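[1] return a 3D structure for these sequence lines:
(one chain, ligands or ions: 1)
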Amino acid sequence: MDRSEFQKILKEINVELTDNQCDQFDKYYEILVEWNKVMNLTGITQYDEVLVKHFVDSLAVFKAVCELSGTDNDIKNKINYFKNVSVIDVGTGAGFPGVPIKIAFPETDVCLLDSLNKRVNFLNEVINQLGIKKVDAIHSRAEDGARNPLYREKYRIGVSRAVANLATLSEYVLPFVEPGGYFIAYKSGEIDEELEASKKAIGVLGGEIKHVYKFSLPGTDFGRSFVFIKKNRITPKKYPRKSGLPSKEPIK
Ligand SMILES: C[S@@+](CC[C@H](N)C(=O)[O-])C[C@H]1O[C@@H](n2cnc3c(N)ncnc32)[C@H](O)[C@@H]1O
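    Prediction:
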């Protein structure tokens, strides 16, 4: 895929990049493939596939935000098209979706959090080589990071892709989100049961499901769903519970 094709796909999700931003994505790809030879970062390494399944997929949230902003003023004002907002990506792994969001929306403050230190080292290399600012890579389990006053309820937006079921994930992410902010979960496949099973947890943690935006990733038959969870109230101090419990015994 050449650059103009990449930009054409991005247009379908309302994202426009400068040449400099495209260069940053290419550099990110190079570092990803290089480091992937010595550590497990991703099973997807073909250039075109990385562009669509990692980069475009990470940024597809923008299409959801644009469309929902047309009818929901709260989304428009609070998420503000990723301009001047703070975002935390919990369980970011090799940086998805947090790094593509940072590259495409440079004014966003981004915190990348993962429990595996090797991945955090990789992310620091990406940050250094790309020369991106206002981005931190933190080595921590979500359960510990969310108890740290430096991070608790400090982010307007929490995002997470491919980390846990929605009940567990809500306990990981909602404590980081400021009241009035949003947790946007990247989900796939049939999610109705998962939504139902997570409602109690989301309520207990101070949140409420506002929108489920379903969408087909351009050029694929992959169905992506974005679950927009509004944080209405402060999360009770007892959450998240100690490491391991949110996944072993999700709130029911
Ligand atoms: C399947 S990977 C997904 C990575 C990335 N979000 C993506 O979509 O490519 C799950 C990541 O979540 C991290 N993770 C799992 N449980 C976690 C926790 N409790 N706190 C922080 N990170 C966690 C793992 O270390 C891993 O990097």
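
[2] show me what from this protein comes close to the ligand.
    Applying Cβ under 6 Å from any ligand atom, we find that the chain lies next to the ligand at 91-94, 96, 113-116, 119, 141-143, 161-163, 172. Using the backbone N, CA and C atoms, a C-beta is placed for each residue, glycine as well.

[3] restricted to helices, list these.
    Residues of the residues of the chain next to the ligand located in helices (DSSP state H): Arg119, Ala142, Glu143, Tyr172.

[4] so which two of those residues are the farthest from each other?
    Largest separation among these by Cβ to Cβ: Arg119 and Glu143, giving 17.3 Å.

[5] ok, which stretches of the stretch 101-250 of the chain are helices?
    Along the stretch 101-250 of the chain, the segments classed as helices by DSSP state H, counting those that start in this stretch run 117-130, 142-145, 166-173, 192-204, 245-248.

[6] deepest-packed of the ones you listed, please.
    helix 166-173 (a mean of 28; mean count of other Cβ atoms under 10 Å).

[7] identify all contacting residues around that one.
    Identification of contacts with helix 166-173 by Cβ atoms under 8 Å, 6 or more residues apart in numbering yields 88, 90-91, 142-143, 146, 158-160, 163-164, 183, 185, 187, 191, 194-195, 197-198, 200-202, 205, 207, 227, 229, 239-241, 246-247, 250-252.

[8] between helix 192-204 and that helix, find me the angle.
    For helix 166-173 against helix 192-204, the angle by axes from the mean of the first three to the mean of the last three Cα atoms, to 10 degrees is 40 degrees.

[9] neighbours of the closest residue to His54 other than its chain neighbours, how many?
    Spatial nearest neighbour of His54, chain neighbours left out: Phe96 (5.4 Å); criterion: Cβ to Cβ, 6 or more residues apart in numbering. Phe96 has 26 neighbouring residues, counting by other Cβ atoms under 10 Å.
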